[in-house]
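Output the structure for:
(4 chains)
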Protein chains: 2
Amino acid sequence: MTIKDIAKLSGYSLGTVSRVLNNHPDVSKAARERILSVVKEVGFEPNSNARHLKMRQRSAIAILVKGSQNMLFSDILERIQKKITACGEEVFADYLDEDADEVSHAIQIYRQRRPRGFIFLGGDLEYFRKSFGELHVPCVLLTNSGEELKYVNLSSFSTDDTEASEQVIDYLYSCGHRRIGVIGGNLSVDQISFRRLLGVKRSLEKHGMTFDRAERYEPCRYSLGEGYEATRRLLGRCRDLSAIFALGDVIAIGAMRAIYDEGLSVPGDISLVGYDGIALSQYSMPRLTTIRQDTEQLAELGVKKLLESINYNVDPVHERVAFELIKGESVKRMEEDDGITGGKL
Amino acid sequence: MTIKDIAKLSGYSLGTVSRVLNNHPDVSKAARERILSVVKEVGFEPNSNARHLKMRQRSAIAILVKGSQNMLFSDILERIQKKITACGEEVFADYLDEDADEVSHAIQIYRQRRPRGFIFLGGDLEYFRKSFGELHVPCVLLTNSGEELKYVNLSSFSTDDTEASEQVIDYLYSCGHRRIGVIGGNLSVDQISFRRLLGVKRSLEKHGMTFDRAERYEPCRYSLGEGYEATRRLLGRCRDLSAIFALGDVIAIGAMRAIYDEGLSVPGDISLVGYDGIALSQYSMPRLTTIRQDTEQLAELGVKKLLESINYNVDPVHERVAFELIKGESVKRMEEDDGITGGKL
DNA sequence: CTGAAAGCGCTTACAG
DNA sequence: CTGAAAGCGCTTACAG
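Residues are numbered from 1 along each chain as shown, chains lettered A, B, ... in the order given. Here you go, the predicted structure:
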């Protein structure tokens, strides 16, 4: 069943059928109705290969997800898919390893499938800097800011990681915590974890303390298992911590279990704060105190901007989305610990 | 950059370039080497729209995932993607709501993108029965068996849900539990939850007990929140339960929190068993006793079979994959409860 | 408003 | 082993 058959069946020519199918304005009402009814009757669907070949138009919207087990991204992805589909666009998602080079991957996908745009769920600026210049389609980066890169076809929407992390530490400080450890991510300048660590440092310095990274920070990937191991390493090294800030909720859940396995309790012995605000964080025991990223906003703005960029070639934007410190049950208020342990210990 | 440019640059004709690109045997070594070197040099990638238009061949392999937050499926999906990509095939994933009609969706995707095959991650036999007949590409259903449907283009690989559930209840029984509640899924004959319930019933009857569904079973979707709510409803109704079998780990994690919120403990007051064996189940406190589905095997067999079906038109198969009862920390061995509460209570 | 025709980038009999 | 040519199913100037 091709457009030719529809032409024959409807009594109109190939071109007219095509015009109707593509919603061109200059078709008579009679022709439109007749052709549409035939199309419907036989359940015709145009061959998208032929269509895209002609239109030289990219077929769908590609979503590149860094880490298939990342629950924050699953959440955003689900929302994006719904929104894009609702706009009548096609979407497809591809998963990459957490450390994979998403930009090289995008370039490869672009060659193979010519998507009309990309949405990156997570991104390492290092890779963007290296080869994003080769990608000439509208792109949106979510959860990390691409502002400093100044590419004309890259917008981004993200949480202000530094500010949020600063608030976390401010909060822990206000609860009397002075010996705070941090786990998650790594020290590369281009990663979100770097900005989160910056917020940690900023808060501590504001309170007259310093952050000894070598001692108090333990890097790890964003997984339960790595969060678990990192916590054990950190606790093995500095037993005196009263609080741990995990740079991701999944890491925090792993950390929680590690703390228990060390014979300690949360928040009795060690207070714990996560980051992301995934659903799971509110079902753990205790409920996690965490930074909730606004996944609905991220999805909404990301899709809207991408579609605009595809259709109108607008200027890129780099916006921050509001976050919220959710006070769960995993942080203990210390009594009168302040005077004693002021400054870094 | 098209195949024509490559022809010009290499000094060979269009046809020869195409043959080299498609690994046709009858091309001279000289031509092959020359053309390949040019292709490499300019980084040429054939236009897949044109290619597929000609080949009338479906472009990629589509994976339909029921429930984007389903961690078991994320796990399997990740493995599938790696394997398919390793075979040089393209893949794309689409997420559906847990209750969506995946078969209608597949038919629609088929019309739009002509994938060469489908892998269904989760499936409701009701939908397959209704309209799978319209889908004429090789398909593989994972985690549910499509055997009874007898479609020539549908294979399936799944865990023996009935058998596994029977083992769960056998185990709980052997630990002295007699008042067992079940949560998750629904009673539709075509769902995996139905088969799991069948195993529950079978085990209980084997031990001379009956299963009062209206009283002891509470349906819910496979999410933390619904698991939580279902548990509260169930506990509100029958306070005397000594164990709960959640038909999914995610449900179990929600249940665990609900049990705590009722002022009870796991496994002190109530023992809990999950199903799936996702990573999270081993990081909860206590670790979950659960049925581990072999995601690696499911992915491996599914991909292998689909590729075979696409390339050789082989007969469908319906196989069971081994499972394992993982004994975590969430089940308590009761002392001498047997004599007193024999039979259903 | 509509039709006839060119062409998108490729593959594959058909000849040689 | 290789080239010339037809054609996959569509879109879109171009004429009318």
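
C-alpha from now on. contacts and neighbour counts both.
Fine.

For the residue in the stretch 51-200 of chain A that DNA strand D sits nearest to, give me its contacts.
Going by CA to the nearest atom of the strand, DNA strand D is nearest to residue A:51 of the stretch 51-200 of chain A, at 3.9 Å. Residues in contact with residue A:51 (CA atoms under 8 Å, 6 or more residues apart in numbering or on different chains): none are found.

could you pull out the helices for chain A?
Here chain A has its helices, by DSSP state H, at A:3-10, A:14-21, A:29-42, A:48-55, A:71-86, A:102-113, A:125-131, A:161-174, A:192-206, A:213-216, A:224-237, A:249-261, A:295-312, A:338-341.

got the CA positions of stretch A:19-32 in CSV?
Extracted C-alpha coordinates of stretch A:19-32, given in CSV (Å, rounded to 0.1, in the frame of the first residue of the first chain):
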residue,chain,number,x,y,z
ARG,A,19,-0.2,17.4,0.0
VAL,A,20,-3.1,16.2,2.0
LEU,A,21,-0.9,13.9,4.0
ASN,A,22,1.4,16.8,4.8
ASN,A,23,-1.3,19.2,5.6
HIS,A,24,-0.5,21.6,2.9
PRO,A,25,-2.9,24.5,2.8
ASP,A,26,-3.7,24.7,-0.9
VAL,A,27,-5.8,21.7,-1.4
SER,A,28,-9.5,21.8,-2.0
LYS,A,29,-11.8,20.7,0.8
ALA,A,30,-13.3,18.1,-1.4
ALA,A,31,-10.0,16.6,-2.2
ARG,A,32,-8.8,16.6,1.4
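
what's the offset of that stretch from the middle of its chain?
In terms of CA atoms, centre = their mean, to the nearest Å, the gap separating the centre of stretch A:19-32 from the centre of its chain is 41 Å.

what comes into contact with that stretch?
Counting by CA under 8 Å, 6+ apart, A:12, A:16, A:35, A:36 sit against stretch A:19-32.

what residues go with each domain of chain A?
As recorded under automatic domain parsing, the domains making up chain A are A:3-46, A:61-159+A:294-322, A:161-293+A:327-341.

Considering the contacts of stretch A:19-32, which member attains the minimum pLDDT?
Confidence by pLDDT is poorest for residue A:36 among those, given 87.

and the nearest residue to it once chain neighbours are set aside, how many neighbours does it have?
Closest residue in space to residue A:36, ignoring its immediate chain neighbours: residue A:20 at 7.5 Å, by CA to CA, 6 or more residues apart in numbering or on different chains. When neighbours are defined as other CA atoms under 10 Å in any protein chain shown, residue A:20 has 20 of them.

State the distance from residue A:20 to residue A:50.
Here residue A:20 is placed at a distance of 17 Å from residue A:50 (CA to CA, to the nearest Å).

Tell me who's in contact with residue A:149.
A:128, A:129.

and if we set it to 7 Å?
residue A:129 (CA atoms under 7 Å, 6 or more residues apart in numbering or on different chains).

Same question for the one 4 residues further on.
Taking CA under 7 Å, 6+ apart as the contact definition, residue A:153 lies against A:137, A:138, A:139, A:316.

hmm, stretch A:103-120 touching DNA strand C?
No. Shown here: stretch A:103-120 not in contact with DNA strand C (CA under 7 Å from any atom of the strand), separated by at least 9.8 Å.

Give me the mean pLDDT for that stretch.
Here the average pLDDT along stretch A:103-120 is 84.

any low-confidence regions in chain A?
Where chain A drops to pLDDT under 70, the residues are A:55-59, A:88, A:112-113, A:313, A:336-345.

tell me which parts of chain A are close to chain B?
Contact residues, chain A versus chain B (CA under 7 Å from any CA of the partner chain): A:45, A:47-50, A:52-53, A:68-69, A:74, A:78, A:92-94, A:111-113, A:254, A:257, A:283-285.

just the buried members of those?
In the residues of chain A next to chain B, burial by neighbour count holds for A:45, A:47-50, A:52-53, A:68-69, A:74, A:78, A:92-94, A:111, A:113, A:254, A:257, A:283-285, counting by 16 or more other CA atoms under 10 Å in any protein chain shown.

ok now do the residue lying closest to residue A:165 once chain neighbours are set aside, which residues does it touch?
In this structure, residue A:165 finds its nearest non-sequential neighbour in residue A:199, 4.8 Å apart by CA to CA, 6+ apart. Going by CA under 7 Å, 6+ apart, residue A:199 touches A:162, A:163, A:165, A:166.

10 Å - rerun?
Contacts for residue A:199 (CA atoms under 10 Å, 6 or more residues apart in numbering or on different chains) come out as A:160-170, A:193, A:205.

Give me the distance between whichever residue of chain A sits closest to chain B and residue B:215.
Ranking the residues of chain A by distance to chain B (CA to the nearest CA) places residue A:49 first, at 4.6 Å. The gap separating residue A:49 from residue B:215 is 55 Å, by CA to CA.

Could you double-check that residue A:291 sits in contact with residue A:276?
Yes. With contact defined as CA atoms under 10 Å, residue A:291 reaches residue A:276; the gap is 5.4 Å.

For these two, indicate the residue with more neighbours.
The residue with more neighbours, out of residue A:291 and residue A:276, is residue A:291; 26 against 23, by other CA under 10 Å.

For DNA strand D, see how far away that one is.
Distance, residue A:291 to DNA strand D, using CA to the nearest atom of the strand, to the nearest Å: 46 Å.

Tell me who's in contact with that residue.
Counted by CA under 10 Å, 6+ apart, residue A:291 has contacts A:159, A:161, A:164-165, A:167-168, A:247-249, A:273-278, A:323-327.

Going through these, which ones are buried?
A:159, A:161, A:164-165, A:167-168, A:247-249, A:273-278, A:323, A:325-326.

separation between the residue of chain A closest to chain B and DNA strand C?
According to CA to the nearest atom of the strand, residue A:49 stands 9 Å off from DNA strand C.

Can you tell me the closest non-neighbouring residue to that residue?
Closest to residue A:49 by CA to CA, 6+ apart is residue B:49, at 4.6 Å.

give me every residue that touches the residue of chain A most remote from its centre.
What lies farthest from the middle of chain A is residue A:11; by CA atoms, centre = their mean that is 50.7 Å. Neighbour list for residue A:11: A:5, A:17, A:31, A:34, A:35 [criterion: CA under 10 Å, 6+ apart].

Please apply the same query to residue A:216.
A:179, A:180, A:181, A:182, A:183, A:234, A:235, A:237, A:238, A:241, A:244.

Buried ones among the residues you listed?
By 16+ other CA under 10 Å, those give A:179, A:180, A:181, A:182, A:183, A:234, A:235, A:241, A:244 as buried.

Tell me the spacing between the third one and residue A:144.
As defined by CA to CA, residue A:181 lies at a distance of 23 Å from residue A:144.

ok, now the second one?
When CA to CA is applied, the distance between residue A:180 and residue A:144 equals 25 Å.

do the last one as well
Using CA to CA, we find residue A:244 at a distance of 23 Å from residue A:144.

And the fifth one, by the same measure?
From residue A:183 across to residue A:144, the span is 19 Å (CA to CA).

same thing with the first one?
Taken as CA to CA, the spacing of residue A:179 relative to residue A:144 amounts to 29 Å.

Next: the fourth one.
Per CA to CA, residue A:182 is found 20 Å from residue A:144.

if we can go back for a sec, most neighbours, which of the contacts of residue A:11?
residue A:17 (26 neighbours).

Quick check: the farthest pair among the contacts of residue A:153?
Based on CA to CA, the longest span within those runs between A:137 and A:316 and measures 12.0 Å.

Output the set of residues of the stretch 1-150 of chain A in proximity to DNA strand C.
Counting by CA under 7 Å from any atom of the strand, the stretch 1-150 of chain A sits next to DNA strand C at A:11-16, A:25-32, A:50, A:53-54, A:56.
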